[in-house]
Every structure is written in C-alpha cells, then in structure tokens.
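Student: Provided below are the primary sequence and the corresponding predicted coordinates.
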Amino acid sequence: MATGSVLDDRWYTAEHEWIAADGTVGVTDHAQDALGDVVFLELPEVGRHVERGAVFGVVESVKSVSDLFSPVTGTVAAVNKAVKDQPELVNQDPYGRGWLVRIDTDDQLQAGGHLLDAAGYRELPT
Amino acid sequence: MEQGGSASARGLATPLTAWHEAAGARMAEFGGYWMPIEYERIMEEHRRVRSSVGMFDVSHMAEFLVEGAGADAFVDQLVTNWPSRLAEGQALYTPMCRPDGGTQDDLLVYRRGPGRYLLVTNAGNRAADRDWMKQQAAGADPPVALSDVSDAMGLIAVQGPGAVDAVEALAGAPVADIGYYHFREGVPVAGVPALVSRTGYTGEDGFELYLPHEGTLSVWEALARQGVKPVGLGARDTLRLEARLPLYGHELALDISPLEAALGSFVKWEKPGGFLGREALAAQKQAGSRRRLVGLRASGGIPRAGYAVTRVGQPEAGVVTSGTHSPTLEVPIAMALVPRAWGIKVGEEVSVEVRGRQVPAMVVKLPFYRRA
C-alpha cells in the first residue's frame, strides 16, 4: 500500500504523481519519502505539450534519478520556479509548495483509465 | 519502492541486519549483503558525521588473515604499497594489481606482528580476492597460510569529530592515543574484545572496530545508548566522494590502474623484489597513463557515474566515475577519468552529457572536502 498521507481532493497515477482539479501536478508523499532528499528537478518549459503517461521531467535525489510521468495530455501552463531553486520543497510539502507544473488539459479528471482516486491510490500495491 | 522481506531472500545478513530492519532503515543489496542505505535522510546523516559523530555497519567487508614464514614476502609481492615495512600495530591503504596493471581490489593491510597480517577487502570482491590470493600463495616458499575470516567478524565504523570521545567512553583502555593508521588489538569496547583502528572512509577522524561476530550487536547497542546515531551506505558514499576516496568498481577496476586513479603515492617502485603489476605500471608511468582522474564541479545538472565528459576541440571523451549532489558544498560534484591528452588543468571547463543536455563543469582540486 502507498505509505504517507494521501489527500482526497485530487487524483493519482500508479507512478506516484498527483493532479489537482486546476491541473496542478506534483509527486505524492509516498514518492518523496521513497526518493529521499530531492536535490535537482528537470521540468518542461511553459507552453510545452505533454502526453498522458509519458515522461515530462526528472527528479533527482542524492542517490537516484527518476522520471516524472504526466497524469494527463495537455500544455504546460505554469512551472514552479520556487521548487527549481529549492528542490527540498518536494520533501517538505509535496502537496503544497512542492508542486511542479500546472497543465492545461481537456482530459476528464476521474478515476479509471490512467488515474486513481485517493481510495484507489491508498490501495495501490508498491 | 522496497517491500519488507527476510534478509536471506535479499542478500547475506551482517550481525546487525535485523537491527537495521527493526529501526526502519531503507535496505538494499550491496556487495551480496542486505545493507542499510539510509535510516532517516542521507543529507542529515552526512552532515551529522561532518559535525559530530555517526556509526556505520560495515560488517560486509571481507577479512583475510595472512600468516607464516613467507607472509612478509607474500604481501609485498601481492600489493603495490609496502606492508612489510610497517611497524607492528600499523596499517596502510593499498591497491592490489593484476600483472597488466589493472586493479584487482583496494584494501587495508594491518601488520599484527612478524609474519602476521590482516587484509580487509571489498565485500563484492570477496570470492575473487580469495581466489586471486590463493593462486598467488600457491607454492610460496617459505609457505603462507591464508584464511578467510569474514564470517567470524563484524565491523563498526565510528566517524566524525566526536568519534574519539564516543569510543573512549566505552573502551576499557585508552584509545585516543592510537595514531592515524595505527591500531590496537584486544581492547575491550563495551566488554567485547576489539581491534581498534584509527581509520575510516569519510574524511573525518574516527575508528573502525573489528569485532567478533557474536559481540558486534552489543557494541552497536552500547554506542547507540551513548547517543551515536546510525548512518547508512548512502551517506558513506557521499562522505567518501567529498573526501575523494576511491570506490572499487568506480574509480578503480580491473581496467583502471592506480596510476590512472591518481593513487601513484601508494605504488612503491623501490620495493625490493618488485610486485604484481610492476612492469605494466612502470611502462604506464614512462609513457604517461592514457587517462587521469579529475574532480569536477558542475552547475545545472548532476553528473552521474557513466555519463560522458567532453572538451571543446577534443575528439576523445572521458567518463564520470562517481557523481552526486555534495551535502557539504551544496553543488553537484563528480570524479571523472579523462584522456591525459587533453592536458586539462584546474579551473578549465568541460561538458558533462546529462540526459542529452550539455551541462558545464569546472575541473577543481581534489579532495572536494578536507577537514579543518
């Protein structure tokens, strides 16, 4: 089961990203704990097209390099500049100040297909 | 994401594996053993060793005894450094080379007495080292007895500016007077007879405590009661990298010579009778080794082991051997093997290819960190 806190007001991927109703995307509490100290992020530019299930960026901890997978198809509308300068925000506040990008999407945000709701994510075998 | 599981399913257990799992450490296989990578966070554990003290379970390391009338000549032949010249109670670091100059392993050699040595090698090379040394010892005259005592021993490293006080508080005899790269045997630590060695792999002061397997847990627990916190292999790697200490399989390997790894000071050309790899190394020294190890400080990306290093106007590329985000300097650092033909100097710029992007890096002096 996914460890750490899981919030009810958003959707999740099996790769441990979350997306909120306004298209804001980040990684879950479980993901930040598993990664360890996040020290570097590679994020797309505003305006870039991203594909559901495809890699849109990279998160590096002291020990590891991990791909970030987009929960939806759309266009990057905003990038969190604060987290580029302070990657530790991902560890400190993964659902808040540690957000990564906001994506404009026409995808339906609902459980089923590529996305899980909070209950589904909590049950995810890891 | 790791799942729970018995140590036997994931690798060999040390005397402390169950303790690490109970403490909630993130575990992974390393050198055939199921080892703790981090207990809390690598950065915090790293900084604790730099500022106060931490303890590491390094019981996975392999230990061999070399004894007999032929032991002095044998170890001098086996490694590039000069063990027979050590005083009793003194230790040294040395590469161990193949005849072609490639590195079989790097190790510590302890001179325990006339014709009595303890050799400490890397866990992942244990079987290969045993085979290699047996092969070299065969037919030695006078004879040499070689025994693998790894399973009978535990090893705890206590490192950091507070390490001497922490060990002294538990020792039944003074230890603060043991000099750097010296050791004392039979010192009771928390009542367990230990070989107390003033050595380490972090760039800090400290001790390595060689213990009987069955006494290792009680020493670890006594240190924990003293307030010494455990540190995983994750921080051990970042600590050793900042201190430019080589890691076998990265800065040293069967196809990397000690000269290429800038460890020439551990190669004793003047040693009578020579040593394995001497001819090949001498030829390398004469011609200049093809590659040399440099330190890099990058910006805008973290160079990782295996990434290509390039220089403007140079067709041949180099390669990163180890790289990470430095917890002390808070910048990406790396060691890399680059062509000697580049003639590169400290302060000059290279590029590291990070996932298809060219990230600038500057050649810097090694080590990245030296204790005050």
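Tutor: Received it, and whenever you're ready, just let me know what you need.
Student: shaky segments in the chain?
Tutor: Assuming you mean chain A. Confidence mapping of chain A against pLDDT under 70 gives the ranges A:1-3, A:126.
Student: sorry, should have said chain B
Tutor: Applying pLDDT under 70 to chain B flags residues B:1-9.
Student: Can you give me the domain boundaries for it?
Tutor: Split into domains by automatic domain parsing, chain B comes to B:6-56+B:151-242, B:290-364.
Student: can you tell which of the ones you listed is closest to A:V46?
Tutor: Closest to A:V46 of those, according to C-beta to C-beta: domain B:290-364, at 18.3 Å. Yep, even glycine has a C-beta here, placed from its N, CA and C like the rest.
Student: And the closest one, how far out from the chain middle?
Tutor: 22 Å (C-alpha atoms, centre = their mean, to the nearest Å).
Student: ok and the residue in chain B nearest chain A?
Tutor: B:H325 (3.9 Å; C-beta to the nearest C-beta).
Student: ok so, going back, turn the domains of chain B into TSV, including mean neighbour count and distance to A:D93.
Tutor: Output for the domains of chain B, formatted as TSV (neighbours: other C-beta atoms under 10 Å in any protein chain shown; distance: least, C-beta to C-beta, whole Å):
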stretch	mean neighbour count	distance to A:D93
domain B:6-56+B:151-242	20	15
domain B:290-364	18	20
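Student: Now distance to B:A91 too, for those, in CSV please.
Tutor: Output for the domains of chain B, formatted as CSV (distance: least, C-beta to C-beta, whole Å):
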stretch, distance to B:A91
domain B:6-56+B:151-242, 5
domain B:290-364, 24
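Student: So A:L68, which state does it fall into?
Tutor: Recorded secondary structure, A:L68: strand (DSSP: H, G, I helix; E, B strand; the rest coil).
Student: which ones are touching it?
Tutor: Residues in contact with A:L68 (C-beta atoms under 8 Å, 6 or more residues apart in numbering or on different chains) are A:17, A:27, A:55-59, A:100.
Student: now swap in B:R41 and tell me
Tutor: Neighbouring residues of B:R41 by C-beta under 8 Å, 6+ apart: A:36-37, A:91.
Student: can you list the residues of chain B near chain A?
Tutor: Within chain B, the positions near chain A by C-beta under 8 Å from any C-beta of the partner chain are B:1, B:3, B:26, B:37-38, B:41-43, B:234, B:237-238, B:301-302, B:304, B:324-325, B:327, B:332, B:355.
Student: Mind checking which of those residues are in strands?
Tutor: Members of the residues of chain B next to chain A lying in strands (criterion: DSSP state E): B:26, B:37-38, B:324-325, B:332.
Student: near chain B, which residues of chain A show up?
Tutor: Within chain A, the positions lying close to chain B (C-beta under 8 Å from any C-beta) are A:30, A:34, A:36-37, A:39-40, A:42, A:58, A:60-63, A:65, A:91, A:126.
Student: swap the cut-off to 6 Å and go again
Tutor: Within reach of chain B by C-beta under 6 Å from any C-beta of the partner chain, chain A has these residues: A:34, A:36-37, A:39-40, A:60, A:62-63, A:126.
Student: could I get these as JSON lines with secondary structure and neighbour count?
Tutor: JSON lines is the format used below for the residues of chain A next to chain B (DSSP: H, G, I helix; E, B strand; the rest coil; neighbours: other C-beta atoms under 10 Å in any protein chain shown):
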{"residue": "A:A34", "secondary structure": "helix", "neighbour count": "20"}
{"residue": "A:G36", "secondary structure": "coil", "neighbour count": "20"}
{"residue": "A:D37", "secondary structure": "coil", "neighbour count": "24"}
{"residue": "A:V39", "secondary structure": "strand", "neighbour count": "25"}
{"residue": "A:F40", "secondary structure": "strand", "neighbour count": "18"}
{"residue": "A:E60", "secondary structure": "strand", "neighbour count": "23"}
{"residue": "A:V62", "secondary structure": "coil", "neighbour count": "24"}
{"residue": "A:K63", "secondary structure": "coil", "neighbour count": "23"}
{"residue": "A:T126", "secondary structure": "coil", "neighbour count": "13"}
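Student: Can you name the two of the residues you listed that sit furthest apart?
Tutor: The two members of these with the most space between them (C-beta to C-beta) are A:F40 and A:T126, at 23.7 Å.
Student: quick one: the strands in the stretch 201-350 of chain B?
Tutor: Assigned by DSSP state E, counting those that start in this stretch, the strands in the stretch 201-350 of chain B fall at B:206-212, B:229-230, B:291-298, B:308-310, B:318-325, B:332-339, B:349-354.
Student: Let me know which of the ones you listed is the nearest to B:T94.
Tutor: strand B:206-212 (16.1 Å).
Student: Give me the residues contacting the closest one.
Tutor: B:153-159, B:163, B:167, B:189, B:192, B:194-197, B:199-200, B:219 (C-beta atoms under 6 Å, 6 or more residues apart in numbering or on different chains).
Student: Name every strand pairing with that strand and say which way it goes.
Tutor: In the sheet, strand B:206-212 lines up against strand B:153-159 (antiparallel), strand B:192-197 (antiparallel) (DSSP bridges).
Student: Can you name the next helix or strand after the first one?
Tutor: It refers to strand B:153-159. For strand B:153-159, the succeeding helix or strand toward the C-terminus, using DSSP states H and E, is helix B:163-168.
Student: Does the top strand by length along chain B pack against any helices or strands, and if so which?
Tutor: Identified as the longest strand of chain B according to DSSP E is strand B:103-113. When contacts are defined as 3 or more C-beta pairs under 6 Å, 6 or more residues apart in numbering or on different chains; DSSP states H and E, strand B:103-113 sits against strand B:90-97, strand B:116-121.
Student: Mind doing that once more with 7 Å?
Tutor: In this structure, strand B:103-113 packs against strand B:90-97, strand B:116-121, helix B:126-137, with contacts taken as 3 or more C-beta pairs under 7 Å, 6 or more residues apart in numbering or on different chains; DSSP states H and E.
Student: what lines up beside the shortest one in the sheet?
Tutor: When you say that, I think you mean strand B:116-121. strand B:62-67 (antiparallel), strand B:103-113 (antiparallel).
Student: Name the surrounding residues that touch it.
Tutor: Contact with strand B:116-121 is made by B:61-67, B:71, B:75, B:83, B:105, B:107-112, B:129, as judged by C-beta atoms under 7 Å, 6 or more residues apart in numbering or on different chains.
Student: can you give me the angle it makes with strand B:90-97?
Tutor: 50 degrees (axes from the mean of the first three to the mean of the last three C-alpha atoms, to 10 degrees).
Student: Please identify the buried residues of strand B:116-121?
Tutor: Buried positions in strand B:116-121, judged by neighbour count with 16 or more other C-beta atoms under 10 Å in any protein chain shown: B:117-121.
Student: hey, what's the residue nearest to A:K84 when sequence neighbours are not counted bridged with?
Tutor: Once flanking residues are discounted, A:K84 sits nearest to A:L41: 6.0 Å by C-beta to C-beta, 6 or more residues apart in numbering or on different chains. As for beta bridges, A:L41 partners with A:V59 under DSSP bridges.
Student: all helices of the stretch 151-300 of chain B, in order?
Tutor: Under the criterion DSSP state H, counting those that start in this stretch, the stretch 151-300 of chain B contains helices at B:163-168, B:216-225, B:233-242, B:278-287.
Student: Let me know which of the ones you listed is the nearest to A:A118.
Tutor: With C-beta to C-beta, the closest approach to A:A118 among those belongs to helix B:233-242: 30.8 Å.
Student: name the helices or strands packed onto the closest one?
Tutor: strand B:33-38, helix B:42-51, strand B:318-325.
Student: can you list contacts of it?
Tutor: A:62-63, B:30, B:35-38, B:42, B:45-46, B:49, B:56, B:201-203, B:247, B:322, B:324, B:326-328, B:333, B:367-369.
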